[in-house]
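Enquirer: Kindly return the folded structure for what I paste below:
(6 chains)
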6 protein chains.
Amino acid sequence: MADKQCVKIGIFKCGNIGSSPLFELILDELADRQDIKARILSTGPKMAVEDVEETLPKMFELDPQLLVLISPNPSIPGPAKARERFSSSGLPSVVISDAPAKRIKADLEKQNIGYIIITGDPLIGARREFLDAIEMAIFNSNIIKVLAITGVYRIVQQEIDKLVHAIKSGTGPVLPRVVVDINTIRDNSDFTNPYARAKAMAAYELTEKIAEVNLQACFIEKESGKYIPLVASAHEIAQMAARLAEEAREIEKYGDAVVRRPHSKEGKLKVKSKLMLAPSLDDESNKKP
Amino acid sequence: MADKQCVKIGIFKCGNIGSSPLFELILDELADRQDIKARILSTGPKMAVEDVEETLPKMFELDPQLLVLISPNPSIPGPAKARERFSSSGLPSVVISDAPAKRIKADLEKQNIGYIIITGDPLIGARREFLDAIEMAIFNSNIIKVLAITGVYRIVQQEIDKLVHAIKSGTGPVLPRVVVDINTIRDNSDFTNPYARAKAMAAYELTEKIAEVNLQACFIEKESGKYIPLVASAHEIAQMAARLAEEAREIEKYGDAVVRRPHSKEGKLKVKSKLMLAPSLDDESNKKP
Amino acid sequence: MADKQCVKIGIFKCGNIGSSPLFELILDELADRQDIKARILSTGPKMAVEDVEETLPKMFELDPQLLVLISPNPSIPGPAKARERFSSSGLPSVVISDAPAKRIKADLEKQNIGYIIITGDPLIGARREFLDAIEMAIFNSNIIKVLAITGVYRIVQQEIDKLVHAIKSGTGPVLPRVVVDINTIRDNSDFTNPYARAKAMAAYELTEKIAEVNLQACFIEKESGKYIPLVASAHEIAQMAARLAEEAREIEKYGDAVVRRPHSKEGKLKVKSKLMLAPSLDDESNKKP
Amino acid sequence: MADKQCVKIGIFKCGNIGSSPLFELILDELADRQDIKARILSTGPKMAVEDVEETLPKMFELDPQLLVLISPNPSIPGPAKARERFSSSGLPSVVISDAPAKRIKADLEKQNIGYIIITGDPLIGARREFLDAIEMAIFNSNIIKVLAITGVYRIVQQEIDKLVHAIKSGTGPVLPRVVVDINTIRDNSDFTNPYARAKAMAAYELTEKIAEVNLQACFIEKESGKYIPLVASAHEIAQMAARLAEEAREIEKYGDAVVRRPHSKEGKLKVKSKLMLAPSLDDESNKKP
Amino acid sequence: MADKQCVKIGIFKCGNIGSSPLFELILDELADRQDIKARILSTGPKMAVEDVEETLPKMFELDPQLLVLISPNPSIPGPAKARERFSSSGLPSVVISDAPAKRIKADLEKQNIGYIIITGDPLIGARREFLDAIEMAIFNSNIIKVLAITGVYRIVQQEIDKLVHAIKSGTGPVLPRVVVDINTIRDNSDFTNPYARAKAMAAYELTEKIAEVNLQACFIEKESGKYIPLVASAHEIAQMAARLAEEAREIEKYGDAVVRRPHSKEGKLKVKSKLMLAPSLDDESNKKP
Amino acid sequence: MADKQCVKIGIFKCGNIGSSPLFELILDELADRQDIKARILSTGPKMAVEDVEETLPKMFELDPQLLVLISPNPSIPGPAKARERFSSSGLPSVVISDAPAKRIKADLEKQNIGYIIITGDPLIGARREFLDAIEMAIFNSNIIKVLAITGVYRIVQQEIDKLVHAIKSGTGPVLPRVVVDINTIRDNSDFTNPYARAKAMAAYELTEKIAEVNLQACFIEKESGKYIPLVASAHEIAQMAARLAEEAREIEKYGDAVVRRPHSKEGKLKVKSKLMLAPSLDDESNKKP
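Expert: Residues are numbered from 1 along each chain as shown, chains lettered A, B, ... in the order given. Presented below is the predicted three-dimensional model:
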């Protein structure tokens, strides 16, 4: 009973994408939600099979009711191992990943694992001449800003919330099969002003371009004289994408129309737009899935 | 032997500060460092005693050689419990925390726990009328950018690297006792241009102001008509701090003087500044502690 | 009669704060107000006792009906001497000053001198390695912009206007006892858009931080290698504060909601917000004090 | 003797231009210059003959050794009266004024009064539908920034310094006959980077345009529907001019090439450009006139 | 009949101004207008008599029904020759030109040639030390942005559209006699927000200043040390003008109030402002001239 | 002989791409080149076969020595017709076009027509709900800025210059076969600062993304609710691309390192970088092809 009312979410992170660092925080941004607990295990930036095999079993000892794997490219061996374990656990499971995951949608469906694939969560410019801790962090900062403002994080959060609510209510959770692309952003945005939405969309489109450039730079170009300018340009695009996203949100501020959807302590979504007013329950979002 | 060559770092996150989300990534930004493994356990945004007690024991089962706790205000019961366990484990341990931790420096020293206290890692504006998942993520994005560019992450990374190198070489690790404040930023920056440094310092000073305003807004003001404008202004300062930090880095770009310190595969720090050149070993940084 | 209808204001400036340079202009911005005359005497940047003693007596020869002293830190000997003379003159008197003046509020009340203390009117970075005429002017430009846009100047102007109206109407003037801090800005702003207000508040909060940093840099740090970066960072914050304030006003422009309160020739305050419309009398502001 | 060593400068302000508010501060920016004292008298924004006649005589009672009048358009009766008094006093006298003063250069020469005429110190948009205390202050803030950064204030300061040095040394002061226009800015700038100089020049050229537009708006257009947009556009240009000037200075920061010329306590000009270095005596500037 | 329904416009470009490069595109921005055909002949940047004499006759072989000459300063021999040919052709003819054309308005009227003279279409900084292909293109980019956003292109387009409609309907075309100056911008703008309009006006005023500075730099100053800074400053103003214009349009976006006036296939003007809605016929614009 | 010394270039424009509007100006930016004459014929935005057939023959009557066709997608019937005529004329001919032209490279080679294909010259957002004359001009302004600053125009200009020099010297012209993509920008840039180059590259990469989004919006999405946000986002990207390009150039200004390559009167390329110095002959660029 109590268990049903407080869902324990087991989150396994293996490698990093822009959706990883704040994932558990977007579910419980005020840290006072009484209907969920998050237990996170991570292998850090590494994603080898042995990292997964050593670490993941601990997750099951913590008795999660819902499993989330966040990882880049879940077709490679480490995350693939995690998918297997998820699948065989019989627990409701979801993979959150980036564009390459589109290639294994059918596999995921066969494994009865839900997925949220974010086409605009781009590869970093991982070249030693360019990427150090600071450059890495700046890039993540920029991508986080884009994914937050464009509404990607909201989509992710609402998909997980739906599963939590289904588990709480004892109805069978319907696993998400979502690919977040530019059309998703266009059709699911919370923007009031259409130019704010257009700028947010532009920011997202830029992240897709980043992925494309970094792919070229990290895996195809072999000479540093060729790939350094490419990764540098990709990170410049990331900075511009963050700026565009910020502009989009500023526009909403200008009209006092920023939509905010905080969780209540009970885990229900509230909604508001005028800054000085209180949020009210968002009946739409709290409907059963 | 092999163990000594590959140090397993056990990272326990309990609640969130700006130094948490990317911590393991700043140690191994290219995900190819052969001398460390990171194992991260986290209770997510919650930091109650029971969260810690349920989760932390798993860490010890993973046989870490070095322990890191990242948590806001480590004097409250949950993180205090974690400190106890760290202390009694006999393993080299470090707490990374924000300004309130300054009050327990003596306790930490008694517990034989090292510390890195970051005065400019500010409290978020945690008021339900204001903070939802998106606002939370934007704030973290801004703080991450400031902490990265001002060099805070570099300081943290180098302190942990020192411990790793000490463990690898079998010398006794000297636990850090570091308070990162504006003077630390001033005296340890990698900026070549003095105005870039001044802007970075200004960004850091702003984060201290954010903490002060959010403290007022979250714990002292009781009326929403009073505290909403305060948290909103604090987050505006965060945006400005990020912009200032970005400006600082842009200046270094304009002089082709951005200092980069990537890790080699062996975990040694390399260093470079001209973008198109290769990094070389940074003898200074790789000295035994 | 005529005298009552045209109040002569004697303004004594001794040293400089951000509220000094334009003070007389904010009372009569169109230079056509028929109900006041301003007579200003100033010792310039210097504020020694002998400067005051030589200069201030001339003020009394000009027969002012209302006295205003504007000075940083009015507890030091020069301005203290001026306060004495004001007090013994029996004329309604007001001191306008910065944060350190908070310490002498009781003294001022005993001297029967009103006060308007502006916590966000910050100390300049007065270090010879940094401050020349240009740097000084830029700093003042930035602070003026913040104090104007955040509404500080409006508060000052309205307090003085109240005294003028009381003198004109022959009712006894009630001397102001006002400390302008962030709460004052929050609660007395003319902003329509709440984010504009939040940005203005942030700008004001930044000026408080400037004061704190410059205090450290000018009076505590002794080595130029330490204090130059601090004053430089404080002036960078000033630039950011001005930019934030400007952003706040721009937002109001975007909604055609900039509140303007020009004086009529008769010294009454008018009010308007739509740019293309004429101002009308502001009954609220023109009420007897 | 002592008198000669400490020159008392009598400054009379009558009405306001961008060169007025900080004038005495640019002569003694650190407030520790031992070779000058400033005594300022002002009629505030008003500039009628009776304002001058009532106020100016007090100046002579303060025994100044050098007289400065700062006023817009010194051909109108009030300032003309002040010029007369200056002229008949036999004291070395200088008028600082804006573009309309060019028409009375011959008169000034006949009166044996020096002049510094600043063509880019523009008329404000003085229309009651537009100008209130805040708008006025913002405009002055912007103009101050332009006049400071472009070097106009430096030129003014150096001209007055030359007179002070002449008086101190007992040589006859040579009164300035200077018109500061775009060519002056071009040929006397302290900018190292030629694009910084070009941007500063552009900022100055904009102030000339402001004057032209405001003249049209304040004196020629009679319908509010016509003049409001004009004054509003002129103030937008002022904001852009300030931004351009700021950009110019930022460029110098990026090259660590900001030239600073602080006064020594003895009133000599020092000079420096690298931020972290100490200023040294500027032999060029301190030469006898 | 058919001819009347599809008007062939003969456009002769001789030299370049900001109104030249996109002229034919502003008449048919979607390239699907069925009621006009454009035939453009140009001598490129050169504008000598022989260029005109060789090229222009071809235009008449193409049987245009309406003639447009776009050229800087149409009083010089090349464009003057074109005017003659236009005049003697008996076809309805219009000259589009920059400020110097104001001097030949009477001549144009005598020649029965209409005119649209754009005072803010400025001379480029044509000095070999400064102007290369890239600098030239950037300048044109900036001027195009200003002329587009301020509404100059709209005015030009509507004047030509009126002639087209008159020719189509068989009524006699009334040739335009239009000088586009700041008052035209003020009184004919499509801006909803008055600050957007003020910023657009400011942008236009800046282009007039550019012309003035470049005239000085290109024709009066003889030393490169004098004229290079001037042309550089003029192009900086152009960049600022473009930024101001962009700001003006952004404000309209913020209110979802950007007025768009696309042509229908039939050449009628449609109008809309909410981005997501369809345009409707603009009865006002489609009235017979 | 004289002919050889003054090459007449026949330019045929059919439809519009970002490389069209200023093409003839980039060849002769100072309008004083004595070795070329440009004769331009254009069908404006339309590109039907009949437009070409009516117009193009006039070009041949003007006796050009070198032919250039600028057109989007030269595989469609109108431009295809022009290609045929070019091919059969036997004159040296070049097509300048956008990405779709890559598909007909082989055809062009068969036709013995040179080509310069610019992958980052993007399709405009040609939807009537969005595109009017102003939006079209703003888009072109942004694309022109990107193509200029990234060096695309320079590449185009130098290819044509090579042909001109070959014709002048009587050697056989070698027709260009150039595809300008991101690698071209990277490897042929004139940027001194590597971050400036990276930003320029990022700007170019953005233009490729614009093309992709507009293709989707103009040819695939059928509902206005779907395509309007897409075209709007594409034009936002264009604005950002222009801003990035501008940033790149600003960086070069900050280092006084802007490379300028003006033509001499004789049509030789000069080169310079310090703003205040004179350009000198660029031996590299003026070598025989």
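
Enquirer: Residue A:98 reaches residue A:115, doesn't it?
Expert: No - shown here, residue A:98 and residue A:115 do not form a contact pair, counting by C-beta atoms under 8 Å, at 11.2 Å. Where you see a C-beta, it was placed from the backbone N, CA and C, and this is true even at glycine.

Enquirer: what about the longest helix in chain A?
Expert: Identified as the longest helix of chain A according to DSSP state H is helix A:224-254.

Enquirer: Give me every residue in the stretch 51-200 of chain A lying close to chain F.
Expert: A:182, A:183, A:186, A:194, A:195, A:197, A:198, A:199 (C-beta under 8 Å from any C-beta of the partner chain).

Enquirer: now the longest helix of chain A and helix E:224-254, what's the angle there?
Expert: Angle, helix A:224-254 to helix E:224-254, by axes from the mean of the first three to the mean of the last three C-alpha atoms, to 10 degrees: 50 degrees.

Enquirer: which helices and strands does the next helix or strand after helix A:224-254 pack with?
Expert: The helix or strand immediately downstream of helix A:224-254 is strand A:270-271, counting by DSSP states H and E. The contact analysis (3 or more C-beta pairs under 8 Å, 6 or more residues apart in numbering or on different chains; DSSP states H and E) places strand A:270-271 against strand A:280-281.

Enquirer: Try it again at 10 Å.
Expert: If contacts are counted by 3 or more C-beta pairs under 10 Å, 6 or more residues apart in numbering or on different chains; DSSP states H and E, strand A:270-271 sits against strand A:280-281, helix A:283-286.

Enquirer: Can you show me the strands along the stretch 1-150 of chain A?
Expert: For the stretch 1-150 of chain A, the strands defined by DSSP state E, counting those that start in this stretch cover A:7-13, A:36-42, A:66-70, A:93-98, A:114-118.

Enquirer: Let me see the contact set for residue A:177.
Expert: A:94, A:105, A:108, A:109, A:113, A:114, A:115, A:116, A:117, A:159 (C-beta atoms under 10 Å, 6 or more residues apart in numbering or on different chains).

Enquirer: Distance of the fourth one relative to chain D?
Expert: Meaning residue A:109. The gap separating residue A:109 from chain D is 54 Å, by C-beta to the nearest C-beta, to the nearest Å.

Enquirer: one step back: least confident of the helices and strands packed on strand A:270-271, on average?
Expert: The minimum mean pLDDT among the helices and strands packed on strand A:270-271 belongs to helix A:283-286 (a mean of 76).

Enquirer: so does that one get close to chain B?
Expert: No - judged by C-beta under 10 Å from any C-beta of the partner chain, helix A:283-286 stays clear of chain B, getting no closer than 11.5 Å.

Enquirer: Pull the residues that contact that helix.
Expert: In contact with helix A:283-286 (C-beta under 10 Å, 6+ apart) are residues A:154, A:157-158, A:161-162, A:165, A:261, A:264, A:266-271.

Enquirer: buried stuff in that helix?
Expert: By 16 or more other C-beta atoms under 10 Å in any protein chain shown, the buried positions in helix A:283-286 come out as A:285, A:286.

Enquirer: Centre of the chain to that helix, how far?
Expert: Its chain's average C-alpha position is 21 Å from that of helix A:283-286, according to C-alpha atoms, centre = their mean, to the nearest Å.

Enquirer: before we move on, what about stretch A:22-40?
Expert: How far stretch A:22-40 lies from its chain's middle: 14 Å, per C-alpha atoms, centre = their mean.

Enquirer: Just the terminal-to-terminal distance for it.
Expert: End-to-end distance of stretch A:22-40 (C-alpha to C-alpha, to the nearest Å): 11 Å.
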